[in-house]
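> predicted structure and sequence below. I'll ask about it afterward.
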Amino acid sequence: MSSIVWFRRDLRVEDNPALLAGVRAGPVFAVFIWAPEEEGHYQPGRVSRWWLKHSLALLDSSLRSLGTCLITKRSTDSVSSLLQIVKSTGATQLFFNHLYDPISLVRDHRAKEVLTAHGVAVRSFNADLLYEPWDVNDDNGRPFTTFNAFWEKCLNMPFDPEAPLLPPKRITSGYSPLNAPSFRHAYLVMGDVLTCTTDVLVFEDELEKGSNALLARAWSPGWSNADKALTTFINGPLIEYSKNRRKADSATTSFLSPHLHFGEVSVRKVFHLVRMKQVLWANEGNKAGEESVNLFLKSIGLREYSRYLSFNHPYSHERPLLGHLKFFPWVVNEGYFKAWRQGRTGYPLVDAGMRELWATGWLHDRIRVVVSSFFVKVLQLPWRWGMKYFWDTLLDADLESDALGWQYISGTLPDGREFDRIDNPQFEGYKFDPNGEYVRRWLPELARLPTDWIHHPWNAPESVLQAAGIELGSNYPLPIVGIDAAKSRLQEALSEMWQLEASSRAAIENGTEEGLGDSSESVPFAFPQDIQMEENIEPARNNAPATTRRYEDQMVPSITSSLLRGEHEESSLYLRSSAEDSRAEVPGTVNINREQRRDILNQAIPETARNLQLNFPIGLRNAEDSTAESSSSSRRERDGGVVPVWSPPSSSYPEQFISEESGIGASSSFLQGHPQSHQIINWRRLSQTG
DNA sequence: CAGCGATTGAA
DNA sequence: TCAATCGCT
């Protein structure tokens, strides 16, 4: 009765319900499957892979100290790899912890179906959230649509989040002589050294190794380091969190995000430890401490909410949640995009942030808001481009969190920032970096500029610039876009958007035609070619190249030249055929009025599934789970074996929410045309064994 | 010190 | 925008 424990983004032995279930059930095969191609658009970027590599090594060593080891597999299809492992080991059970991004939801559901069909008992657990998304609803049992209400509810749930589980004391390895007859695969026990039959995973190529070497100076992946980071934070910066959070440059953040992303530490543990501090400080009457805890927990809450949104709106990483935004005329300008990436926009705070991001894979939360809001509001570039760049460069890249962040910044959420608000980086600079230290650190060319001018060098007198060795437009750019120009351009764009929205609405109500947004998606953007930092590039100027507006919702740029076209045939075939099948069923451009349309779509159960180009229905929770999930009494059950699946896209969302049907054409045809539009450079060239 | 408009800052 | 806080009378 051996079992497979399938590790994914839960690379820890403590508070790991799937691992514990496996240990209870008998001998364990701990497995990690590396199948980046499965992630489609969002394969991990360079720094993310660097982290994963080290984290896996540490997980392996802690598993070894407990008596087993980590079996790693290179794969292009996790589910068939699991099946293969089942066959070679004779395991009869599979345990894993839930993930909530759309790709994992689909994959995990399939894993469960396929393995169950092969006679394997599959159980899955919550290890990533305080509460499962389907447990947090408003008084009418509907999902929340704003963060504050959601978080309020989380903090006032009738039951506390589960307390963290202790790590197992010992793990009986599936690879033990005792089990030898039960699997056909070769195994080795040499002396005391346990050898697993693993694939050697390659996470970086030679080029990347050089860039990655620096990362190790600042970061230590792995669960034990995550624990250290947590303790350090709780006993140190936490109490000042509220006071310090507006400084760009102080090391007062928790630095937990990459650890949390890979599940090296469980958020339940973080939550419990932080809450204990809060109780302590509350007793001492330490108001500032309490306030700090509330703020910090709120950021944990945002992480929860990002999963919540992703679960309830599986397209939130690529489509605005507010419907009218699909009519926003984004500016498609590769020059802007490049200047932003290189930190050459002419706004010191933005540029410093972008240089730091490139150099370290890290950015303070405040600065993330600054650079992304500049990207969306001043440059008016499509937010998904920026999100994709973050994805490729951030050490803590996290699809759900980043989608939430960018949607918030872009004003595409019901409770997001106002769309027409432009933050001025000059003023933000003096707020977050009053002495200019942050700018000077990351922009050496401005190092000698006095603080008075550090955040707006374009206003500085010529003599000051000369003394500081700065020649604007030469060794530091002039502002790429003036704030006033950006403001009026934004106003124009917004009124265009509302006009388009209104005429589309009218068209739909008259039953004459679809809105613009649904029909014009077939022309791909000319995507930026290369994300490499090229320092000697001529800086972008005020007289930027002519810009184009596009009225469809944006697509994500391919960051590289797609030398890889064609290699995806297999998976894109799958997507293509199922996408076509589903399109046939969608009442896309039929002449029906809005109400009818809504009804049809609400009835169409596998709608979400179609949106995702699935070839199996997933819209309703599958029968065996539905009892556990729909009756609130058994919902909490931690060992529920519940694989998260969507409920049908709810009609419960406010009118202004984008209806799930719009954009379906955009997405599927986008995939058809650009099956590998997200390839990361060098990705395919990594030779993998197995 | 209440009452008011102004200011500030917000995932 | 909107709510909380500030600062003035």
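Perfect, thanks for sending it. Numbers count the residues shown, from 1 in each chain, chains lettered A, B, ... in the order given.

> end to end, how far does stretch A:441-455 reach?
13 Å (C-alpha to C-alpha, to the nearest Å).

> buried residues in that stretch?
Using 16 or more other C-beta atoms under 10 Å as the test for burial, stretch A:441-455 gives A:442-443, A:445-446, A:449, A:453-455. To be clear about C-beta, it is placed using only N, CA and C from the backbone, and glycine gets the same treatment.

> touching it from outside, list them.
Residues outside stretch A:441-455 that contact it (C-beta atoms under 8 Å, 6 or more residues apart in numbering): A:249, A:343, A:347-349, A:351-353, A:355-356, A:359, A:425-427, A:429-430, A:433-436, A:439-440, A:457, A:459-460, A:464-465, A:467-470, A:475-476.

> same thing but at 6 Å, please
Applying C-beta atoms under 6 Å, 6 or more residues apart in numbering, the contact partners of stretch A:441-455 are A:348, A:351-352, A:355-356, A:426, A:429-430, A:435-436, A:439-440, A:460, A:468-469, A:475-476.

> how about the residues of chain A by DNA strand B?
A:246, A:298-299, A:302, A:365, A:368-369, A:401, A:404-405, A:408-409, A:417, A:421, A:431 (C-beta under 7 Å from any atom of the strand).

> 6 Å - rerun?
Applying C-beta under 6 Å from any atom of the strand, we find that chain A lies next to DNA strand B at A:302, A:368-369, A:401, A:404-405, A:408.

> in three-state terms, label the closest residue to A:Gly174 other than its chain neighbours for me.
Counting by C-beta to C-beta, 6 or more residues apart in numbering, A:Phe29 is the residue found nearest to A:Gly174 once chain neighbours are left out, at 3.9 Å. Under DSSP: H, G, I helix; E, B strand; the rest coil, the three-state class of A:Phe29 is strand.

> tell me the one of the residues of chain A next to DNA strand B nearest A:Lys326?
The closest of the residues of chain A next to DNA strand B to A:Lys326 turns out to be A:Tyr408 (C-beta to C-beta; 17.4 Å).

> pLDDT score for A:Ser182?
Per-residue pLDDT puts A:Ser182 at 46.

> nope, A:Asn682 is what I was after
Looking at A:Asn682, its pLDDT is 25.

> re the thing from before, which of the buried residues of stretch A:441-455 fall in helices?
A:442, A:453-454 (DSSP state H).

> can you put these in a markdown table and add pLDDT and distance to A:Arg170?
Shown next, in a markdown table, are these (pLDDT from 0 to 100; distance: C-beta to C-beta, whole Å):
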| residue | pLDDT | distance to A:Arg170 |
| --- | --- | --- |
| A:Trp442 | 95 | 48 |
| A:Trp453 | 94 | 64 |
| A:Ile454 | 95 | 58 |
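
> in chain A, which residue sits nearest DNA strand B?
Residue nearest to DNA strand B within chain A (C-beta to the nearest atom of the strand): A:Gly405, separated by 3.2 Å.

> what's the helix or strand for that residue?
Element membership of A:Gly405 [criterion: DSSP states H and E] is helix A:399-410.

> that helix packs against which elements?
Applying 3 or more C-beta pairs under 6 Å, 6 or more residues apart in numbering; DSSP states H and E, one finds that helix A:399-410 contacts helix A:287-312, helix A:383-393.

> again, only using 8 Å
With contacts defined as 3 or more C-beta pairs under 8 Å, 6 or more residues apart in numbering; DSSP states H and E, helix A:399-410 has these neighbours: helix A:287-312, helix A:365-373, helix A:383-393.

> if you compare those, which one is most tucked away?
Stretch with highest mean neighbour count among those: helix A:383-393 (a mean of 25; mean count of other C-beta atoms under 10 Å).

> and it, C-alpha only, in PDB?
Extracted in PDB, the C-alpha atoms of helix A:383-393 (Å, rounded to 0.1, in the frame of the first residue of the first chain):
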ATOM      1  CA  TRP A 383      -1.000  45.700 -18.700                       C
ATOM      2  CA  ARG A 384      -0.500  42.100 -19.700                       C
ATOM      3  CA  TRP A 385       2.800  43.000 -21.200                       C
ATOM      4  CA  GLY A 386       4.000  44.500 -18.000                       C
ATOM      5  CA  MET A 387       2.600  41.500 -16.100                       C
ATOM      6  CA  LYS A 388       4.500  39.100 -18.400                       C
ATOM      7  CA  TYR A 389       7.700  41.000 -17.800                       C
ATOM      8  CA  PHE A 390       7.200  40.800 -14.100                       C
ATOM      9  CA  TRP A 391       6.600  37.200 -14.500                       C
ATOM     10  CA  ASP A 392       9.900  36.600 -16.300                       C
ATOM     11  CA  THR A 393      12.000  38.700 -14.000                       C
END
